[in-house]
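In: pasting the sequence and the predicted model now:
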Amino acid sequence: MTEIMSNGIYKSAIHRVVTNREKERISVATFCNAGADKELQPEDGLVSEARPRLYKTIKNYGEIYFDYYQKGLRPIQTALI
């Protein structure tokens, strides 16, 4: 969502876990998602002639995200113009 709202300034990271046999690892899962009825799009102030709009307006990104994630695909691709 941040990549879409920032018009590509902040990139989405692909989650990867690296294990370490020498040191214990603790993880905390945190999820943040816009409501299904909310439109997600680049902020107007981050779109200009020098930096054209990269993403279209979409709704229900959470559902799109989990559908694509389960298929091993990057959900951000659905929003690219």
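Out: Structure received.
In: so what does the residue of the chain positioned farthest from its centre look like in phi/psi?
Out: Going by Cα atoms, centre = their mean, the residue of the chain most distant from its centre is residue 22, 32.2 Å out. Residue 22 adopts backbone torsions of phi -90, psi -20, taken as degrees, to the nearest 10.
In: what about the lowest-mean-pLDDT helix or strand in the chain, distance to the chain center?
Out: Ranking every helix and strand in the chain by mean pLDDT, DSSP states H and E puts helix 61-70 at the bottom, with a mean of 83. Averaging C-alpha positions (Cα atoms, centre = their mean, to the nearest Å) puts helix 61-70 10 Å from its chain's average.
In: just the buried residues of it, please?
Out: Using 16 or more other Cβ atoms under 10 Å as the test for burial, helix 61-70 gives 61-62, 64-65. Using the backbone N, CA and C atoms, a C-beta is placed for each residue, glycine as well.
In: separation between the residue farthest from the centre of the chain and residue 28?
Out: 21 Å (Cβ to Cβ, to the nearest Å).
In: same question, residue 78
Out: Using Cβ to Cβ, which is the criterion applied here, residue 78 is 28 Å from residue 28.
In: who has more neighbours, these two?
Out: Neighbours were counted for residue 78 and for residue 28 using other Cβ atoms under 10 Å; residue 78 has more, 15 against 4.
In: shaky segments in the chain?
Out: Within the chain, the stretches with pLDDT under 70 are 15-16, 29-30.
In: helices of that one, start to end?
Out: In the chain, the segments counted as helices under DSSP state H are 2-5, 61-70.
In: burial check on residue 6, number of neighbours?
Out: Residue 6 - counted by other Cβ under 10 Å - has 15 other residues nearby.
In: who's in contact with the nearest residue to it once chain neighbours are set aside?
Out: The spatially closest residue to residue 6, leaving aside those adjacent along the chain, is residue 46, at 6.1 Å (Cβ to Cβ, 6 or more residues apart in numbering). Contacts for residue 46 (Cβ atoms under 8 Å, 6 or more residues apart in numbering) come out as 6-7, 9.
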